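Asker: generate a structure from the sequence data that follows.
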Amino acid sequence: MTYFELFDLPVTLNVDKTGLSKKYFELQKKYHPDYYCNATDEEQQTALDISSQVNKAFKTFQSPDETIKYVLHLKGLLEEEEKHLLSPTFLMEVMELNEMKMDGASREKINENANALMLEIYDEIAPVIKEYKDGVTATDKLMQVKDYYYKKKYIDRLLSD
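Answerer: Below you'll find the model as predicted:
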């Protein structure tokens with residue numbers, strides 16, 4: 001069962017968080033292992049498994065990046081430890097940010113430039129994320145989302161150093 005099925009949500013790249021907490025608590029009340037202490041071992045294990053999946057799903061849906069990662073993984077477009085090639089233009093922009101860091105630019109200035117780059121790459125992909133329809137959106141559009149995901153991850157890593 002996918003996280004979307006578990007929460008009775010359509011597959012989307014942009015989960016509507018309205019009612020998400022309510023659904024989470026509803027599912028936890030239904031499947032929390034504490035409610036199964038008198039059940040059979042098999043029922044206890046099932047409850048534990050589902051409760052764990054509810055926790056993972058909720059955490060995933062709280063993060064737009066993790067939601068995108070999850071959908072791309074569901075669609076078979078993202079693999080763990082994958083070496084995704086980024087465009088030379090993007091890599092040059094990131095190299096400029098790295099040079100700013102090495103030249104001692106202020107954290108504020110680096111963040112300002114990184115945020116501008118983030119906005120630029122997000123603006124390119126925002127319509128795909130917002131208008132995604134499972135089974136309808138073309139694979140090439142999802143590949144653009146994948147490229148965005150890796151670019152954002154790259155910038156996030158640079159800022160966390």
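
Asker: what about the helices in the chain?
Answerer: For the chain, the helices defined by DSSP state H occupy 3-6, 20-31, 41-62, 64-74, 88-102, 107-131, 139-160.

Asker: quick one, which of these is nearest to Glu80?
Answerer: Closest approach to Glu80 among the helices of the chain is made by helix 64-74 (8.5 Å; C-beta to C-beta). C-beta: built from backbone N, CA, C; applies to glycine.

Asker: buried residues in that closest one?
Answerer: For helix 64-74, the neighbour count (16 or more other C-beta atoms under 10 Å) marks 67-72 as buried.

Asker: what are the phi and psi angles of Leu85?
Answerer: Main-chain torsions, Leu85, degrees, to the nearest 10: phi -80, psi 130.

Asker: can I get the helices of the chain in a markdown table with distance to Glu81?
Answerer: Formatted as a markdown table, the helices of the chain follow (distance: least, C-beta to C-beta, whole Å):
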| stretch | distance to Glu81 |
| --- | --- |
| helix 3-6 | 22 |
| helix 20-31 | 30 |
| helix 41-62 | 19 |
| helix 64-74 | 13 |
| helix 88-102 | 20 |
| helix 107-131 | 22 |
| helix 139-160 | 12 |
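
Asker: gap between the residue nearest the centre of the chain and Phe58?
Answerer: By C-alpha atoms, centre = their mean, the chain has its centre lying nearest to Glu66, at 1.8 Å. Going from Glu66 to Phe58 by C-beta to C-beta, to the nearest Å gives 11 Å.

Asker: returning to that earlier point: for the nearest residue to the residue nearest to the centre of the chain once chain neighbours are set aside, give me its contacts.
Answerer: Nearest residue to Glu66 in three dimensions, chain neighbours excluded: Thr60, at 4.6 Å (C-beta to C-beta, 6 or more residues apart in numbering). Going by C-beta atoms under 8 Å, 6 or more residues apart in numbering, Thr60 touches 3, 66-67, 70.

Asker: that older thread, okay, the helices of the chain in JSON lines with mean pLDDT next?
Answerer: Shown next, in JSON lines, are the helices of the chain (pLDDT from 0 to 100):
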{"stretch": "helix 3-6", "mean pLDDT": "97"}
{"stretch": "helix 20-31", "mean pLDDT": "94"}
{"stretch": "helix 41-62", "mean pLDDT": "94"}
{"stretch": "helix 64-74", "mean pLDDT": "97"}
{"stretch": "helix 88-102", "mean pLDDT": "94"}
{"stretch": "helix 107-131", "mean pLDDT": "95"}
{"stretch": "helix 139-160", "mean pLDDT": "95"}
